[in-house]
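Peer 1: Output the structure for:
(one chain, ligands or ions: 1)
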Amino acid sequence: MNIMTEAAVEQKVQAGLNEPAVKMKGESVDVHYGEKQALFGVNLDIRENQVTALIGPSGCGKSTFLRCLNRMNDTIDIARVSGKITLDGEDVYDPKIDVVELRARVGMVFQKPNPFPKSIYENVAYGPRIHGLTKNRAELDGIVESSLKKAALWNEVKDRLNESGTGLSGGQQQRLCIARAIAVSPEVILMDEPCSALDPIATAKVEELIDELRENYTIVIVTHSMQQAARVSQRTAMFHIGYLVEEGATEKMFTNPDDKRTQDYITGRFG
Ligand SMILES: Nc1ncnc2c1ncn2[C@@H]1O[C@H](COP(=O)(O)OP(=O)(O)OP(=O)(O)O)[C@@H](O)[C@H]1O
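Peer 2: Okay, here's the model as predicted:
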């Protein structure tokens, strides 16, 4: 075995031993809505190419934390965020940060599918166009096709790209919204209960898609479904009345959590 090979082996061993890199990091995150505090000193690492599920009873702050990651709370007048949130070590609340660019890097998919009232093609092409990502129509066509393929929707819509996005079924609309997020080459995709408006078959498709997307993106998902968290995520973070109770490997969180509140929540004793 030569030295190069040994070095490569060593690197692999290290990679195997180490946790995936931290892509985003929340440090001492507090959020207030007016006088009311919704998050208290949350510290949470979001790891690269992993699905992190945020779980906890209604009103515990899951969506609030999710919205901190791409500064969607900026759009709520009374919301005030303090502490630090970084993306690849860079403070996303730094005044120098261009929020539009940040939201392209950290995309979002909402609870209710919300395609624009435009054609399927335009829904996906809109982002690359406003971000100036393509030089000509052929390149744009390429992005639309590859985004729809990555969102596992291409085969269902390739013959009707000019029809309205709002005419698709709920599950198709949600995959269209995922394609729209993917089209601007995000690094992180935030999903706020992406399946809550979908039937079980559409839900299964989106869950399968989330699992595939993990290869290329870092994903954070808010979900009320314990089965979904267990099925799609590698890491789980449990929130309770504004506090992060605990976080860890999903398998451990669902079989042997450290905190009784997690145990009670996952076994349906409260929430
Ligand atoms: N726009 C807002 N204005 C005022 N208070 C808000 C706003 N959004 C959330 N809150 C409050 O902040 C707290 C956390 O809400 P958040 O939506 O983050 O919780 P959640 O865990 O995502 O809840 P759910 O599971 O019900 O969606 C709640 O008490 C909620 O009422």
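Peer 1: all helices of the stretch 101-250 of the chain, in order?
Peer 2: Counting by DSSP state H, counting those that start in this stretch, the stretch 101-250 of the chain has helices at residues 120-130, 137-150, 154-157, 170-182, 200-213, 226-232, 250-255.
Peer 1: quick one: contacts for the residue nearest the centre of the chain?
Peer 2: What sits nearest the mean C-alpha location of the chain, by Cα atoms, centre = their mean, is residue 190, with 2.3 Å. Contacts for residue 190 (Cβ atoms under 8 Å, 6 or more residues apart in numbering) come out as 66-67, 69-70, 106-109, 219-221. All C-beta spots, glycine's among them, are computed from the backbone N, C-alpha and C.
Peer 1: beta partners for it?
Peer 2: Judged by DSSP bridges, the bridge partners of residue 190 are residue 108, residue 220.
Peer 1: JSON lines please, covering the contacts of residue 190 and showing pLDDT, distance to residue 48 and neighbour count.
Peer 2: Shown next, in JSON lines, are the contacts of residue 190 (pLDDT from 0 to 100; distance: Cβ to Cβ, whole Å; neighbours: other Cβ atoms under 10 Å):
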{"residue": "66", "pLDDT": "98", "distance to residue 48": "17", "neighbour count": "21"}
{"residue": "67", "pLDDT": "97", "distance to residue 48": "21", "neighbour count": "21"}
{"residue": "69", "pLDDT": "98", "distance to residue 48": "14", "neighbour count": "22"}
{"residue": "70", "pLDDT": "96", "distance to residue 48": "16", "neighbour count": "25"}
{"residue": "106", "pLDDT": "97", "distance to residue 48": "13", "neighbour count": "25"}
{"residue": "107", "pLDDT": "95", "distance to residue 48": "15", "neighbour count": "23"}
{"residue": "108", "pLDDT": "95", "distance to residue 48": "18", "neighbour count": "20"}
{"residue": "109", "pLDDT": "94", "distance to residue 48": "19", "neighbour count": "23"}
{"residue": "219", "pLDDT": "98", "distance to residue 48": "10", "neighbour count": "23"}
{"residue": "220", "pLDDT": "98", "distance to residue 48": "12", "neighbour count": "28"}
{"residue": "221", "pLDDT": "98", "distance to residue 48": "15", "neighbour count": "25"}
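Peer 1: For those residues, which two are the farthest from each other?
Peer 2: 67 and 219 (15.5 Å; Cβ to Cβ).
Peer 1: The ligand contacts on this protein?
Peer 2: 33, 38, 56, 58-64, 76, 78, 222 (Cβ under 6 Å from any ligand atom).
Peer 1: Apply 8 Å and report the result again.
Peer 2: By the rule Cβ under 8 Å from any ligand atom, the part of the chain lying against the ligand is 31, 33-34, 36, 38-39, 54, 56-67, 76, 78-79, 192-193, 222, 224, 239, 242.
Peer 1: Is it possible to mark the buried ones in those?
Peer 2: With neighbours counted using 16 or more other Cβ atoms under 10 Å, these contain these buried positions: 31, 38-39, 54, 56-57, 60-67, 79, 192-193, 222, 239, 242.
Peer 1: Let me see the confidence value for the spatially closest residue to residue 165 that is not a sequence neighbour.
Peer 2: Distance criterion Cβ to Cβ, 6 or more residues apart in numbering; nearest residue to residue 165, sequence neighbours excluded, is residue 115 at 3.5 Å. Note for residue 115: predicted pLDDT of 95.
Peer 1: Could you do residue 120 as well?
Peer 2: At residue 120, pLDDT is 98.
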